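1. I would like to see how this sequence folds:
(chains A and B)
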Protein chains: 2
Amino acid sequence: MRRLRTAVLLLLCIIGSTVHAADDSLPSWNDGPAKTAILQFVQATTDRSNPKFVPPEERIATFDQDGTLWVEHPIYTQVVYCLERVPALVAQKPELKNVEPFKTVLSGNRDAIAKLTLRDLEKILAATVAGMTVEQFQAEAKRWLAAARDPRWHRPYTELVYQPMVEVLNLFRGNGYKTYIVTGGGQDFVRVYSEQVYGIPPEQVVGTAGGTKFGFDKEGRPELTKEPKLLLNDNFAGKPEGIHLVIGRRPHAAFGNSTGDQQMLEYATVGNSAELGMLVLHDDAAREYAYGPAQGLPDTRVGTFTQALNDEAKKRGWFVISMKNDWKQLFPFDKQLRDH
Amino acid sequence: MRRLRTAVLLLLCIIGSTVHAADDSLPSWNDGPAKTAILQFVQATTDRSNPKFVPPEERIATFDQDGTLWVEHPIYTQVVYCLERVPALVAQKPELKNVEPFKTVLSGNRDAIAKLTLRDLEKILAATVAGMTVEQFQAEAKRWLAAARDPRWHRPYTELVYQPMVEVLNLFRGNGYKTYIVTGGGQDFVRVYSEQVYGIPPEQVVGTAGGTKFGFDKEGRPELTKEPKLLLNDNFAGKPEGIHLVIGRRPHAAFGNSTGDQQMLEYATVGNSAELGMLVLHDDAAREYAYGPAQGLPDTRVGTFTQALNDEAKKRGWFVISMKNDWKQLFPFDKQLRDH
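-> Numbers count the residues shown, from 1 in each chain, chains lettered A, B, ... in the order given. As a prediction, the model looks like this:
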């Protein structure tokens, strides 16, 4: 019996090593250095006999969201949400009607809206959520997400996730990793759908977070109300700082796509052997968008893959994922592309 | 075969319901309303046919630490740690020698030290940790915890945990609950030992947290340095606010022992049926300490079980755990008390 089992195991090993590439857990990835790096990292860090072995409790992997797990171009989904909430806000507070940046948003002038600064958007965000209870915000965001459609694909935004990255999340979790979203976007916004869309529970979402205030409603029931006060700006250096605040461990793998993720990747790849840094490069104008150094965008633009980021990736040994070359299938609904 | 299985199951059910009290998961608890409430809560919320059923992903239970999971009297362990770090700090920064509150600490005058205000202690805490990297702080706190001994029991502070509460943590986790520490103490300090002592990983510790600053050391390696800036004051209303920031879900069960826990318990017990609020009352001067309303301490003292808290417990249906009556065995090392 024992000899039979040994023989079967041996056979499985031999078959396993040859069919690996065909029958792997990343079917939407084309073979290449990025796919190999991911598979090798997971294999090495979960193999007790490997010097890169990582104990289960230390298996933390962090993922940026916008542009890494789902589409961010041409405008962040949460910004769309905020802008679309402005009319309801002004209906409640008519005094904002002639005040900037609300006036510009109400004008419907797309060019002017596109020119709103980050500070303007923060102002709008703070105004649209302040005074709502945490539950009201969740219900409101959920309603909006169910109804809203992306103008290019005519689908809910929550369907515009990258199938290859969903596979990476599953692969990591299947190997004992806790997967975290670490987003410059709003923590409470992403929490509304992270479990359903990515299998990531709210407590594993680190994001830009405003304060809340504990109190009681008219019936004396305890509640938390959202405050227009920034607690954590989870972008750039704020990402490792947010990771420490919420997780308290250094991740062994980090995935991002823009300058806002650089510090998170630096923090995850300090020079130990068990570490992986990866950047998604949007170079696929046909299936999604192409933006970044190859497209000659200015390096100063926030949230892009700059030449400086590319240099840092080379210096630190991060892998660049080419959307065009590394991803066989882009979206879960792209059935027709599966065998291309 | 099927009939046999049914019969065995039936038999197990009958036996189960009668042996429950004798062969339970809370052996250090005396039978009584507190023990029954815990067992019934866990049973009800994990039984799909019960209206109080809580889906696994929503099973969150939060526990205060000082005075709820381990001894807090007569002085918080972390305060001892801070005070004992002062000489090393002054050696590095001699200019602090004649500055309050450092001068008082160095004087060794116990009465004067006991009179230091919370603000003094915060000043000391900030000064003793500022400028350390996160890893340096962890190593330093670990070293201190290994060497320090409690003056009454002559044991490491990490052994002064309440065995009945360790059993509660295990019972909750065994039933799919994520157990969180939500402490007014320092998040990074508690994280150093929470996994080893309570089986609670660093990412499930919510505590008073200072800021960190991302940067690079002289060799260009990324690091996080502790800053003397308060990010989250995780006490009183700060507890539910901290729970929302880090967890993002309302707990179904919350355990505390003092006024600093009141808002956390209120937040956990909003009037739904699947909720449990419990307060540990320190009424056991022989085995531990007695302090609280029964001892006539003034209601204004921070961190105690006041009369007002007792009233709130009655109003909201929280259970009060009497250390003297509900706990058969106090500490894990109290073998001799196991059968008393």
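
2. now the residue in the stretch 51-200 of chain A that chain B sits nearest to, nearest residue through space, not along the chain?
-> The nearest approach of the stretch 51-200 of chain A to chain B comes at residue A:191, 5.0 Å away (CB to the nearest CB). For glycine as for every other residue, the C-beta is placed from the backbone atoms N, C-alpha and C. Closest residue to residue A:191 apart from its sequence neighbours, by CB to CB, 6 or more residues apart in numbering or on different chains: residue A:202 at 4.0 Å.

3. Could I get the pLDDT score of the one you found?
-> Residue A:202 is assigned 98 on the pLDDT scale.

4. quick one, phi/psi of it?
-> Dihedral pair for residue A:202: phi -50, psi -40, per degrees, to the nearest 10.

5. ok, now the one 10 residues further on?
-> Backbone torsions for residue A:212, taken as degrees, to the nearest 10, come to phi -130, psi 160.

6. picking up where we left off before, OK, contacts around the residue nearest to residue A:191?
-> Applying CB atoms under 8 Å, 6 or more residues apart in numbering or on different chains, we find residue A:202 in contact with A:191, A:194, A:195, B:247, B:248, B:249.

7. Scan the residues you listed and report the most crowded one.
-> Counting neighbours by other CB atoms under 10 Å in any protein chain shown, residue A:194 leads the contacts of residue A:202 with 26 neighbours.

8. Identify the spatial nearest neighbour of that residue, chain neighbours not counted.
-> residue A:200 is the one closest to residue A:194 (CB to CB, 6+ apart), at 4.4 Å.

9. What's the separation between that neighbour and residue A:83?
-> For residue A:200, the distance to residue A:83 equals 26 Å [CB to CB, to the nearest Å].

10. of the two, who's got more company?
-> Set side by side, residue A:200 and residue A:83 show more neighbours around residue A:200, with 23 against 20, by other CB under 10 Å.

11. how about the more buried one, what does it touch?
-> Neighbour list for residue A:200: A:169, A:179, A:180, A:181, A:194 [criterion: CB under 8 Å, 6+ apart].

12. tell me the phi and psi of the residue nearest the centre of chain A?
-> Nearest residue to the geometric centre of chain A (CA atoms, centre = their mean): residue A:65, 1.2 Å. Per-residue torsions, residue A:65: phi -100, psi -70 (degrees, to the nearest 10).

13. Ignoring the adjacent residues along the chain, who's closest to it?
-> Nearest residue to residue A:65, sequence neighbours excluded (CB to CB, 6+ apart): residue A:183, at 4.1 Å.

14. Whichever strand or helix holds that neighbour - contacts with which helices or strands?
-> For residue A:183, the element it lies in under DSSP states H and E is strand A:178-186. Under the contact criterion of 3 or more CB pairs under 8 Å, 6 or more residues apart in numbering or on different chains; DSSP states H and E, strand A:178-186 touches strand A:60-63, helix A:163-174, helix A:187-198, strand A:205-216, helix A:238-246.

15. Show the subsequent helix or strand relative to the last one.
-> Heading C-terminal from helix A:238-246, the first helix or strand you meet, by DSSP H and E, is strand A:253-256.

16. For the stretch 1-150 of chain A, give me the ranges with low pLDDT.
-> By pLDDT under 70, the low-scoring segments of the stretch 1-150 of chain A are A:1-23.

17. same thing but at 90, please
-> A:1-24, A:73-76, A:79, A:88, A:108, A:110-131 (pLDDT under 90).

18. go on, the stretch 151-300 of chain A?
-> Applying pLDDT under 90 to the stretch 151-300 of chain A flags the ranges A:228, A:271-273, A:291-300.

19. Could you check how far residue A:169 is from residue A:266?
-> Counting by CB to CB, the gap from residue A:169 to residue A:266 is 22 Å.

20. Could I get the average pLDDT for the helix or strand containing residue A:320?
-> Per DSSP H and E, residue A:320 falls inside strand A:319-322. On average, the pLDDT along strand A:319-322 is 97.

21. how far does it sit from the chain's center?
-> 16 Å (CA atoms, centre = their mean, to the nearest Å).

22. After that strand, which helix or strand is next? Please name it.
-> Sequence order places helix A:323-326 as the next helix or strand after strand A:319-322, per DSSP H and E.

23. quick one: contacts of that next one?
-> A:29-30, A:32, A:34-35, A:164, A:280-284, A:287-288, A:330.

24. go with 6 Å
-> The contact list for helix A:323-326 (CB atoms under 6 Å, 6 or more residues apart in numbering or on different chains) reads A:30, A:32, A:34, A:282, A:283, A:284.

25. Show me which of the residues you listed are buried.
-> Buried members of the contacts of helix A:323-326, counted by 16 or more other CB atoms under 10 Å in any protein chain shown: A:30, A:34, A:282, A:283, A:284.

26. Stretch A:222-232 and chain B, are they touching?
-> Yes. For stretch A:222-232 and chain B, the contact criterion (CB under 6 Å from any CB of the partner chain) is met by A:222, A:224.

27. mind listing what's buried in that stretch?
-> Going by neighbour count (16+ other CB under 10 Å), the buried part of stretch A:222-232 is A:222, A:223, A:224, A:225, A:226, A:227, A:231, A:232.

28. Off-centre distance for it?
-> How far stretch A:222-232 lies from its chain's middle: 23 Å, per CA atoms, centre = their mean.

29. Over to stretch A:315-324?
-> Distance of stretch A:315-324 from its chain centroid, counting by CA atoms, centre = their mean, is 16 Å.

30. end-to-end on it?
-> For stretch A:315-324, the first and last residues are 23 Å from each other (CA to CA, to the nearest Å).

31. Mind listing what's buried along that stretch?
-> Neighbour-count burial for stretch A:315-324, counted by 16+ other CB under 10 Å, picks out A:316, A:318, A:319, A:320, A:321, A:322, A:323, A:324.

32. And those, which is closest to chain B?
-> Nearest to chain B among the buried residues of stretch A:315-324 is residue A:316, at 9.5 Å by CB to the nearest CB.

33. Residue A:287: neighbouring residues, count only.
-> Using other CB under 10 Å, residue A:287 has 15 neighbouring residues.

34. That one touches residue A:330, doesn't it?
-> Yes. With contact defined as CB atoms under 6 Å, residue A:287 and residue A:330 form a contacting pair (5.1 Å).

35. quick revisit: from the buried ones among the contacts of helix A:323-326, which land in helices?
-> Among those, the residues falling in helices (DSSP state H) are residue A:34.

36. could I get the buried ones among the contacts of helix A:323-326 as a markdown table with distance to chain B?
-> Formatted as a markdown table, the buried ones among the contacts of helix A:323-326 follow (distance: CB to the nearest CB, whole Å):
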| residue | distance to chain B |
| --- | --- |
| A:30 | 31 |
| A:34 | 23 |
| A:282 | 25 |
| A:283 | 27 |
| A:284 | 31 |
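
37. which of the buried ones among the contacts of helix A:323-326 sit farthest apart?
-> Greatest spatial distance in the buried ones among the contacts of helix A:323-326: A:30 and A:282, 16.4 Å, computed using CB to CB.

38. Which residues of chain A lie near chain B?
-> Residues of chain A lying close to chain B by CB under 6 Å from any CB are A:57, A:191, A:201-203, A:209, A:212, A:214, A:221-222, A:224, A:237, A:240-241, A:244-249, A:263, A:266-267, A:270.

39. so who does residue A:176 touch?
-> Contacts of residue A:176 by CB under 6 Å, 6+ apart are A:56, A:59.

40. three-state assignment of it?
-> For residue A:176, the assignment made with DSSP: H, G, I helix; E, B strand; the rest coil gives coil.

41. quick one: contacts for residue A:320?
-> Counting by CB under 6 Å, 6+ apart, residue A:320 touches A:279, A:281, A:313.
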